[in-house]
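Trainee: I'll drop the sequence and a predicted model, then ask my questions.
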Amino acid sequence: MSAALVSARSIGLRGKSASSSEQAQANAVFNRLCRTRIARVALAGLIGRQPGTVVKWHHVPSNHVRPFLRAYESGRLERAIRAMSPVVTSAECRQARDIVRKIRARHGGKRVLGEALKVAPDSVKSWNEIPLRHVRAVLACFGADRGLAESDAPPVKPSASTAHVTGVWHRKCLYCGAAFSVNSPFIRRCETHRGQG
């Protein structure tokens, strides 16, 4: 099929209004895939619209339903979204989340984060998870500063029952009062009475 015929056919399809089932399907896909600004900008490039208009959409207008569905069904929409989205690993997300939580907990931390990321300090305090677009900036600004985020893993405090103890302990049996020696501070009965309740 020639390019002129394909473009004429697509113009013809764009002019016709979509059925209600196509509209419902397009809206469902739009609400699932196009939550972020990056996804909407990618969609605007695929259907030939200005990004500023697509960003304001709450649903797919009827004259754009069929081009939208074609872009989705061919996989072009998801490829375009992936190409525009920053690639951030889950380890980077966890590290950035931990850094943000530690900084935000300090006095004036929200202001520091807001200034570094160029966002309002009030928006920083409502983040449960750090937005992907800010992960790299947080790691670049605060990742090397171990004073603000000391360690990725919390320190493990050994409990008294699992501590390794060396030496000989001289005890009196709590059951019979006989003197005995043992290499653990936790044993309080002599060998003959150790298993008795």
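Mentor: Yep, it's here.

Trainee: from here on, just use CA atoms for contacts and neighbour counts.
Mentor: Noted.

Trainee: how deep is residue 90 tucked in, by neighbour count?
Mentor: 9 (other C-alpha atoms under 10 Å).

Trainee: against residue 96, how distant is it?
Mentor: From residue 90 across to residue 96, the span is 10 Å (C-alpha to C-alpha, to the nearest Å).

Trainee: check residue 38 too.
Mentor: Residue 38 is 21 Å from residue 96, by C-alpha to C-alpha.

Trainee: cool, and residue 59?
Mentor: Residue 59 is 33 Å from residue 96, where distance means C-alpha to C-alpha.

Trainee: ramachandran angles for the residue most central in space within the chain?
Mentor: Per C-alpha atoms, centre = their mean, the C-alpha nearest to the average position across the chain is that of residue 93, at 5.2 Å. When quoted as degrees, to the nearest 10, the phi and psi of residue 93 stand at phi -60, psi -40.

Trainee: confirm for me that it is in contact with residue 135.
Mentor: Yes - with contact defined as C-alpha atoms under 8 Å, residue 93 counts as touching residue 135 (6.2 Å).

Trainee: got the domain boundaries for the chain?
Mentor: Here the domain assignment for the chain is 3-84, 90-142, 165-197, based on automatic domain parsing.

Trainee: now mean pLDDT too, for these, in TSV please.
Mentor: Listed next are the domains of the chain as TSV, based on pLDDT from 0 to 100:
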stretch	mean pLDDT
domain 3-84	77
domain 90-142	84
domain 165-197	86
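
Trainee: who are the contact partners of the residue nearest to the centre of the chain?
Mentor: 130, 132, 135 (C-alpha atoms under 8 Å, 6 or more residues apart in numbering).

Trainee: tell me how far the residue lying farthest from the centre of the chain lies from residue 61.
Mentor: Centroid-distance maximum for the chain: residue 178 at 61.5 Å, with C-alpha atoms, centre = their mean. Going from residue 178 to residue 61 by C-alpha to C-alpha gives 91 Å.
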